[in-house]
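Engineer: okay, predicted coordinates and the sequence, questions at the end:
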Amino acid sequence: MKNRYFKNLAILLCAGMILSLASCISFNRPPKKAETAPVEEESGEDAVTTDYDYYIVENNFIREKDKYLNIIGSADYNGAAFMIATPSPSLIDPDNTPTAMSKFAYDRREEIANRYNVKISCKTVSADAMYDELRIACLANDFYADMVMIPQYMVHTYVASGTLMNMNSLPFLDFESGYNMETGVAAGSALSASYAAGSWTSLDQGGLPAVFFNKELIAETGLEDPYDLVRRGEWTWDKFFTYTAAVSSINDSRDPSLAAVSTYGIGNDPDSLADMVYFSEGNRFIQSGQGVYPSIEINTDGAYHALSDARALVSDPLKASPESAISSFAEGKALFLIDRLDTMNTISNSRAVWGILPLPKASAEQEKYYSLVPCGSLMSAVPANSTGAEKVSRIMSALNVCSLGYATEAYLSDCMNYRLRENESIFCVEKICYGAVWDMAYTVGGGDESVQNATYMGFRSAAAGDADPAYYSDNYSYGAIAAVTRLFS
């Protein structure tokens, strides 16, 4: 009897230890990983929905990276220096690695340096000072840098001064390969020239536009959770306006002593609101690219559809002012906030319980959600007097290859670690990042009023009710095309 007692006791103790161990393993088990890059959801009755216990984006890009690096080829440059001039060295050469993004940038630099036996370093210089220094260096035929990173809105100034190389002359730099951003290449290319390229290397994910929404106010509308619409591919501007139309009912039912609820606000760069709508619906201002004769696209059916939505936003009587947009949303007094992703840093400890959505589509049939890259984002280019074309093209290509997928995943990891705590918002941030689009209008527009009026300034004016896009297309397109061809011929 005594032996049976101790035997049973031993069994119970073992069982307890196993359960305890299982519990520890459960709490420390890494989240599930997505095996492949996510595919855009179908819409309609045949839509496929997936239940995610965790949504941490760690897609496997190793095969793609190895494939492209093998195509670029190996080389030993005997410890040669590779200098990059940039206003933002953290993208390439971080001083320390406290975040996933900085750790990624450090690891990428070391991987490429070891693969090609080069020493990669950065020269930190403002875009204006870089222009002056590079112009002087080119006139004197002195070395300045192997590669430069320039704000998109200043590229035209560099090109016009003759300080940038036509990168089509570089070997191993294949802009048609899958590791490049197609719209980033197109934003710096036309006819037979490619002077700059937006890329995964230089993309500032935090500058991409997003829609922040107040979860409690959405619940008050009695309408569907917008996250469900995003997953089904049905988050459209029509749905957005269905939500904002419900704000009047919310205000009518609230205690009169409470502040009225605004429909939406836009805090940073309110002038570009119409541009964001235009690109969110899959439009382009200038169709361009390698070997492409540029064309102005402001006078199309898609442009007029976007114009209708942009005008509805601009004329909304219940929108918050730009000055109060962020504070109103943070205090729970606005349904939506349209702003850059980095705004989550400002509202992270706000009263409002919020989530993040991509900018809406034109319709459920639209292929994906699109996000306009801000014109202050950096583009990669090569000084006109740069030497060592083989080394330059290999390192530039390798930077893009090693950024494909990894840069966005690092940004998502930082969002999860420091800002976001829910899977649905992470899912939407991923949609925003992979929907990033560039446009040549912002590459050349700063240097020519015809380009501005035929593209973003014309559309903004049309959204404000001044005239239709046809007016700006008819009066400014010819001059705009002439300006682009002068730069890229």
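Structural biologist: Great, that's in hand.

Engineer: other residues contacting the helix or strand where N251 lies?
Structural biologist: Using DSSP states H and E, N251 falls within helix 247-253. Under the criterion Cβ atoms under 8 Å, 6 or more residues apart in numbering, residues 217, 220-221, 260-263, 318, 335 lie in contact with helix 247-253. Using the backbone N, CA and C atoms, a C-beta is placed for each residue, glycine as well.

Engineer: export the residues you listed to a markdown table and tack on distance to R311, pLDDT and neighbour count?
Structural biologist: A markdown table is the format used below for these (distance: Cβ to Cβ, whole Å; pLDDT from 0 to 100; neighbours: other Cβ atoms under 10 Å):
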| residue | distance to R311 | pLDDT | neighbour count |
| --- | --- | --- | --- |
| L217 | 24 | 94 | 22 |
| E220 | 27 | 91 | 17 |
| T221 | 23 | 92 | 16 |
| A260 | 23 | 84 | 13 |
| V261 | 22 | 90 | 21 |
| S262 | 18 | 93 | 23 |
| T263 | 15 | 94 | 22 |
| L318 | 15 | 93 | 16 |
| L335 | 19 | 96 | 27 |
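
Engineer: distance check, W237 against E110.
Structural biologist: Using Cβ to Cβ, to the nearest Å, W237 is found at 44 Å from E110.

Engineer: what do you get for A85?
Structural biologist: 20 Å.

Engineer: swap in G465?
Structural biologist: Distance of G465 to E110, computed by Cβ to Cβ: 54 Å.

Engineer: got it, and F175?
Structural biologist: Relative to E110, and taking Cβ to Cβ, F175 is found at 26 Å.

Engineer: just the ones of the contacts of helix 247-253 in helices?
Structural biologist: In helices, judged by DSSP state H, the following of the contacts of helix 247-253 are found: 217, 220-221.

Engineer: among these, which one lies nearest to R460?
Structural biologist: Comparing these against R460 with Cβ to Cβ places L217 closest, at 28.7 Å.

Engineer: with adjacent residues omitted, what lies nearest to that closest one?
Structural biologist: Nearest non-adjacent residue to L217, counting by Cβ to Cβ, 6 or more residues apart in numbering: L335, 5.0 Å away.

Engineer: circling back to that earlier point, more neighbours, F175 and E110?
Structural biologist: F175 (23 against 11; other Cβ atoms under 10 Å).

Engineer: tell me, how many residues neighbour the nearest residue to that one once chain neighbours are set aside?
Structural biologist: Leaving aside its chain neighbours, F175 sits nearest to V185 (4.5 Å; criterion: Cβ to Cβ, 6+ apart). For V185, the neighbour count with other Cβ under 10 Å is 23.

Engineer: which residues sit in contact with V185?
Structural biologist: Here V185 is in contact with 175, 194, 197-198, 289-290 (Cβ under 8 Å, 6+ apart).

Engineer: now secondary structure, pLDDT and distance to G267 too, for those, in TSV please.
Structural biologist: As requested, the contacts of V185 are exported to TSV (DSSP: H, G, I helix; E, B strand; the rest coil; pLDDT from 0 to 100; distance: Cβ to Cβ, whole Å):
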residue	secondary structure	pLDDT	distance to G267
F175	coil	92	35
S194	strand	97	35
A197	strand	97	30
G198	coil	97	24
G289	coil	94	34
Q290	coil	91	37
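
Engineer: tell me which of those residues is nearest to M457?
Structural biologist: Of all these, G198 has the smallest distance to M457: 21.0 Å, by Cβ to Cβ.

Engineer: and the gap between that closest one and P256?
Structural biologist: G198 is 50 Å from P256, by Cβ to Cβ.

Engineer: the more surrounded of the two?
Structural biologist: Comparing G198 with P256 by other Cβ under 10 Å, the one with more neighbours is G198, at 29 against 7.

Engineer: how about the more buried one, nearest residue that isn't a chain neighbour?
Structural biologist: By the measure of Cβ to Cβ, 6+ apart, the closest residue to G198 outside its immediate chain neighbours is G184, 2.9 Å from it.

Engineer: what is the neighbour count of that neighbour?
Structural biologist: When neighbours are defined as other Cβ under 10 Å, G184 has 28 of them.

Engineer: does the residue nearest to L217 touch K215 like I think?
Structural biologist: No. With contacts counted by Cβ atoms under 8 Å, L335 stays clear of K215, the gap being 10.3 Å.

Engineer: and the residue nearest to E297 when sequence neighbours are not counted, what's its pLDDT?
Structural biologist: Of all residues not flanking E297 in the chain, R284 sits nearest, at 5.1 Å (Cβ to Cβ, 6+ apart). You'll see R284 listed with a pLDDT of 97.

Engineer: repeat that for I250.
Structural biologist: 88.

Engineer: and L337, that one's in a helix?
Structural biologist: No. Counting by DSSP: H, G, I helix; E, B strand; the rest coil, one finds L337 to be strand, located in no helix.

Engineer: quick one, what contacts it?
Structural biologist: Taking Cβ under 8 Å, 6+ apart, one finds 211-213, 264-267, 325-326, 329, 343, 347, 354 in contact with L337.

Engineer: who wins for neighbours among the residues you listed?
Structural biologist: Counting neighbours by other Cβ under 10 Å, F329 comes out on top of the contacts of L337 with 31 neighbours.
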